[in-house]
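Colleague: Dropping the sequence and predicted coords here.
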Amino acid sequence: MKIYEKAPAKINLMLDVLHKRADGYHEVEMIMTMVDLADRLEMYELPRDTIIISSQAGYIPLDEKNLAFQAAKLIKERYDVTRGVYIHLDKKIPVAAGLAGGSSDAAATLRGLNRLWGLNIDDEELQELGAELGSDVPFCVTGGTALATGRGEVLTKMPNPPQCWVVLAKPPINVSTAEVYGKLKIDENTKHPSSRRMQEALEQQSFAKVCQELGNVLEDVTLRLHPEVMQLKEAMLKLGADGVLMSGSGPTVFGLVSKESKVARIYNGLRGFCKEVYAVRLLT
Ligand SMILES: C[C@@](CO)(OP(=O)(O)O)[C@H](O)COP(=O)(O)OP(=O)(O)OC[C@H]1O[C@@H](n2ccc(N)nc2=O)[C@H](O)[C@@H]1O
Ligand SMILES: Nc1ncnc2c1ncn2[C@@H]1O[C@H](COP(=O)(O)OP(=O)(O)O)[C@@H](O)[C@H]1O
């Protein structure tokens, strides 16, 4: 039997950092949602007790460093599964982009192997397993729109934003999440976005207010390291996006666009100087 799972990318509509914790992680408040740009996973059982990962993408690890491998290993160990699995990753989400591609692959692996091996693990337990793999994995297990607190693993469901277009642009630079958190300084000058106001915008289904409340404290760090991210933000706004923000630790910038008629102009305008541009819908 073959199992297929879709692993969508996330964007952070707002991302606030409250403080650094004793365990080295940062206490966050983020509202995240999924977009229709997704990796596709194909999984089937192997007669031998082994985990094999393959992918058409030449630029991700295929060994135990791969988050899908780690997810398969964790579920096998925790539920005493002695059967093996072959997992093919059809990568579509740009890597190390602030879009949680690896986390979403890990979450999709947990969901898929739960089905393949009939383990009947509920979502809450899958999220707990996910938290052992990374801070964004629990959200990716169930998706939708959620407020994430703690280090990202404490989830409260939120209404989906009003449907719109999302134009994503990833500049050709690599950003390390650990480095961005490491260089972040929270002080009295920090401009904190508000999860309460973003939540109100979602409850009111106000697209204008969602755009107005977009904010990410990690932006300042990544913009300082890579000024070209700012150029992308400015270009997107100039081309007509209604709201623009960097996702996660970056470097991907997303623009929310309500009118379909504007999307082609923004997409084509950005393609002039950025190779990786996507125009997708929210996954609502
Ligand atoms: C910034 C965010 C926003 O959604 O996403 P990305 O930019 O990675 O997509 C997340 O907080 C990233 O989540 P994730 O990528 O799963 O992070 P992890 O693997 O758990 O942690 C990577 C490193 O980031 C730092 N880290 C992560 C989460 C957190 N709340 N505080 C931290 O300080 C730690 O240094 C950790 O070693
Ligand atoms: N299945 C996977 N897909 C993408 N990247 C992976 C995967 N497994 C491990 N990685 C590694 O995880 C790191 C972060 O990748 P990714 O999850 O795409 O980015 P981000 O945390 O910025 O959203 C990369 O350095 C990549 O090599």
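Modeller: That came in fine, so what should we check first? Ligands and ions are numbered 1, 2, ... in the order given.
Colleague: What are the structural domain limits within this structure?
Modeller: With domains defined by automatic domain parsing, the chain comprises 2-157, 165-281.
Colleague: Check the offset of the first one from the chain's centre.
Modeller: Okay, so that is domain 2-157. Offset of domain 2-157 from its chain centre (Cα atoms, centre = their mean, to the nearest Å): 10 Å.
Colleague: Contacts (any at all) between ligand 2 and that domain?
Modeller: Yes. Residues of domain 2-157 contacting ligand 2 under Cβ under 6 Å from any ligand atom: 60-61, 65-68, 89, 95-103, 105. To be clear about C-beta, it is placed using only N, CA and C from the backbone, and glycine gets the same treatment.
Colleague: for the residue in the stretch 51-200 of the chain that ligand 2 sits nearest to, helix, strand, or coil?
Modeller: Distance from ligand 2 to each residue of the stretch 51-200 of the chain (Cβ to the nearest ligand atom) is smallest for Gly102, at 2.8 Å. Using DSSP: H, G, I helix; E, B strand; the rest coil, the structure places Gly102 in helix.
Colleague: what's the spacing between it and Leu67?
Modeller: Using Cβ to Cβ, to the nearest Å, Gly102 is found at 4 Å from Leu67.
Colleague: Neighbour count for these two, which is higher?
Modeller: Comparing Gly102 with Leu67 by other Cβ atoms under 10 Å, the one with more neighbours is Gly102, at 29 against 23.
Colleague: what's near enough to touch that one?
Modeller: Each residue near Gly102 by Cβ atoms under 8 Å, 6 or more residues apart in numbering is listed here: 60, 66-67, 95, 134.
Colleague: repeat that with 7 Å
Modeller: The contact partners of Gly102, by Cβ atoms under 7 Å, 6 or more residues apart in numbering, come to Leu67.
Colleague: swap in the one 5 residues further on?
Modeller: The neighbours of Ala107, taking Cβ under 7 Å, 6+ apart as the test, are 7, 130, 137, 140-141.
Colleague: next SSE after the helix or strand encompassing Val263?
Modeller: Secondary structure assigned from DSSP states H and E places Val263 in helix 260-271. Going down the chain from helix 260-271, the next helix or strand is strand 276-281, by DSSP H and E.
Colleague: Point me to the residue of the stretch 151-284 of the chain nearest ligand 1.
Modeller: Gly248 (2.5 Å).
Colleague: I'd say Lys6 and Val35 touch.
Modeller: No. With contact defined as Cβ atoms under 7 Å, Lys6 does not count as touching Val35 (11.9 Å).
Colleague: neighbour count winner among these two?
Modeller: Shown here are Lys6 and Val35; by other Cβ under 10 Å, Val35 has more neighbours (22 against 17).
Colleague: Is Leu230 in a helix, a strand, or coil?
Modeller: In this structure residue 230 is Met, not Leu. Secondary structure state of Met230, per three-state DSSP, is helix.
Colleague: try Cys140
Modeller: Cys140 - assigned by three-state DSSP - is helix.
Colleague: what about it, neighbour count?
Modeller: Neighbourhood size, Cys140 [other Cβ under 10 Å]: 28.
Colleague: Contacts only, for it.
Modeller: Cys140 neighbours (Cβ under 7 Å, 6+ apart): 10, 100, 103-104, 107.
Colleague: what about the spatially closest residue to it that is not a sequence neighbour, helix or strand, and which?
Modeller: The shortest distance from Cys140 to any residue other than its chain neighbours is 3.5 Å, reached at Ala107 (Cβ to Cβ, 6 or more residues apart in numbering). Ala107 belongs to helix 101-116 when assigned by DSSP H and E.
Colleague: Need the per-residue pLDDT for the nearest residue to Glu260 once chain neighbours are set aside.
Modeller: Leaving out its chain neighbours, the residue that sits closest to Glu260 by Cβ to Cβ, 6+ apart is Trp165, at 6.5 Å. On the pLDDT scale, Trp165 is placed at 98.
Colleague: Contacts made by stretch 146-166 with the rest, please.
Modeller: Stretch 146-166 is contacted from outside by 11, 13, 25-33, 35, 131, 135-136, 138-139, 144-145, 195, 199, 202-203, 205, 207, 210, 254, 256-258, 260, 263, 279-282, 284, using Cβ under 7 Å, 6+ apart.
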